[in-house]
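Undergrad: curious how this folds, go ahead:
(2 chains)
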Amino acid sequence: MIIKGVALLSGCFILGQLIGETLGRILYIDANVGGVGFAMILLIFSQNYLEKRGLFNPEMESGVMFWSKMYIPVIVAMSAIQNVKVALSSGMVALLAGIIPVAVCLATMPFISKLTKHNEEELKL
Amino acid sequence: MDYISTLLVKNGLIVAFLVTGIVMYLSDWLSKKLTNNKLPGSAIAIFSGLVLAYIGGSITGGSKGIADIEQLSGFGLMGGAMFRDFAIVSTAMGASFAVIKKTGLAGITSLFVGVILSFLCGAAVAVGLGYNDAISITTIGAGACTFVVGPVTGAAVGASSDVVAISIAAGVIKSILVTIGTPFIAKYIGLNNPQAAMIYGGLMGTTSGTAAGLAATDPKLVPYGAMTATFYTGLGCLLCPSILFVLVKIFFA
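TA: Below is the predicted model of the structure:
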């Protein structure tokens, strides 16, 4: 049943968001801390668990795959509801504060990438 | 004619599916005909979305882009946080946990570097353009993280509404820039593997921008980038109104 896959995804989603919201409350900040990330990890684990027990059938997979393939259309719709007008007309401060951090952070990418390489070497040793 | 409009409003989400489908079809066609598939169809579609948002905002004067046009209000649901996060989570299926674990340290480092560096750059821009009170500087710095961190921080430190508006705008500009820019810079920064995508997500933060930018670059990278980016806003909301605000207050009482 396709709905099993959709339900699995929904369960992971709700549980993950719940963890994110709870974490936000514990830290006294008005935000969801990593809800999507926790939901993703839950999905990866539950998929592995079900596969090992032979309970994860192709039809169930297609219930999740549908949403995975709807991802880009959803992002297109999301772009279409951004406040682009205001963003482009709110002056230099917003413009520079939006652009400069991106450029500076990009410049640090090679250095942080090295951290993964070190990790790999350590693993080999 | 009124009943057609009523029909469209009543079935908003379905109309959004239809219009998005048409936009994507046309984008694919343009990608093939004009750019010989060099510019991916999804990148054109996402850019078209931004153009539609601009048009919507110009016609209605509202803040929700194309969704402010009543007949297209379904875009608000389809492109809203619920569907976006649901679809992002679904991309995790098939993602490798081994890769995520291996990149863990670099991912966490990239998050802290991303938040703190973005904040400092945003704050420096605020100072450079004449702001000299700690509250405004902090709020604009926070806006340079994401358009959620800005207003959350602004509310926490008591910023005025125009400064909060600037911080949101800065965050939206960042998100748009990352959306459009990612496919172009990808090859120069080695953004072609899951590890790099995780670091990129942590550095850029903006979940919408990173997810859309990676989707236009290589959809396989999306889950990895989104994985770290999703922690960014939380970390920003944690650091900006607390440690970073105190830090700014030392220099600008």
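Undergrad: B:Leu50: how many residues sit nearby?
TA: For B:Leu50, the tally of surrounding residues (other Cβ atoms under 10 Å in any protein chain shown) stands at 22. For glycine as for every other residue, the C-beta is placed from the backbone atoms N, C-alpha and C.
Undergrad: in this structure it contacts B:Ile176, no?
TA: Yes: in this structure, B:Leu50 is within contact of B:Ile176 by Cβ atoms under 8 Å, at 6.2 Å.
Undergrad: shared neighbours, the two?
TA: Taking Cβ atoms under 8 Å, 6 or more residues apart in numbering or on different chains as the contact rule, B:Leu50 and B:Ile176 both touch A:82, A:84.
Undergrad: could you tell me the end-to-end distance of stretch B:60-68?
TA: Start to finish, the residues bounding stretch B:60-68 are 7 Å apart (Cα to Cα, to the nearest Å).
Undergrad: which stretches of the chain have low pLDDT?
TA: In the absence of a named chain, chain A is used. For chain A, residues meeting the criterion pLDDT under 70 lie at A:29-31, A:90, A:116-125.
Undergrad: ah, I was thinking of chain B
TA: Screening chain B residue by residue with the criterion pLDDT under 70, one finds the ranges B:37-39, B:94, B:253.
Undergrad: kindly recompute the last result at 50.
TA: With pLDDT under 50 as the threshold, chain B has no low-confidence stretch at all.
Undergrad: what helix or strand is B:Phe17 located in?
TA: When secondary structure is defined by DSSP states H and E, B:Phe17 falls within helix B:12-35.
Undergrad: mind listing what's buried along that helix?
TA: The neighbour-count check on helix B:12-35 (16 or more other Cβ atoms under 10 Å in any protein chain shown) flags B:12, B:15-17, B:19-20, B:23-24, B:27-28, B:31 as buried.
Undergrad: what's the closest of those residues to chain A?
TA: Checking the buried residues of helix B:12-35 against chain A with Cβ to the nearest Cβ, the nearest one is B:Thr20 at 4.8 Å.
Undergrad: how much space separates that closest one from B:Gly79?
TA: Using Cβ to Cβ, to the nearest Å, we find B:Thr20 at a distance of 9 Å from B:Gly79.
Undergrad: gap between the helix or strand containing B:Val163 and the chain center?
TA: Element membership of B:Val163, judged by DSSP H and E, is helix B:161-185. Centroid displacement of helix B:161-185 relative to its chain, using Cα atoms, centre = their mean, to the nearest Å, is 7 Å.
Undergrad: does it come close to chain A?
TA: Yes: taking Cβ under 8 Å from any Cβ of the partner chain as the criterion, helix B:161-185 and chain A are in contact, through B:165-179, B:181, B:185.
Undergrad: quick one: is the helix or strand where A:Ile14 lies near chain B?
TA: Assigned by DSSP H and E, A:Ile14 belongs to helix A:2-26. Yes: using Cβ under 8 Å from any Cβ, helix A:2-26 reaches chain B at A:9-10, A:12-13, A:16-17, A:20, A:23-24.
Undergrad: max-length helix in chain A?
TA: The single longest helix within chain A, with elements called by DSSP state H, is helix A:91-124.
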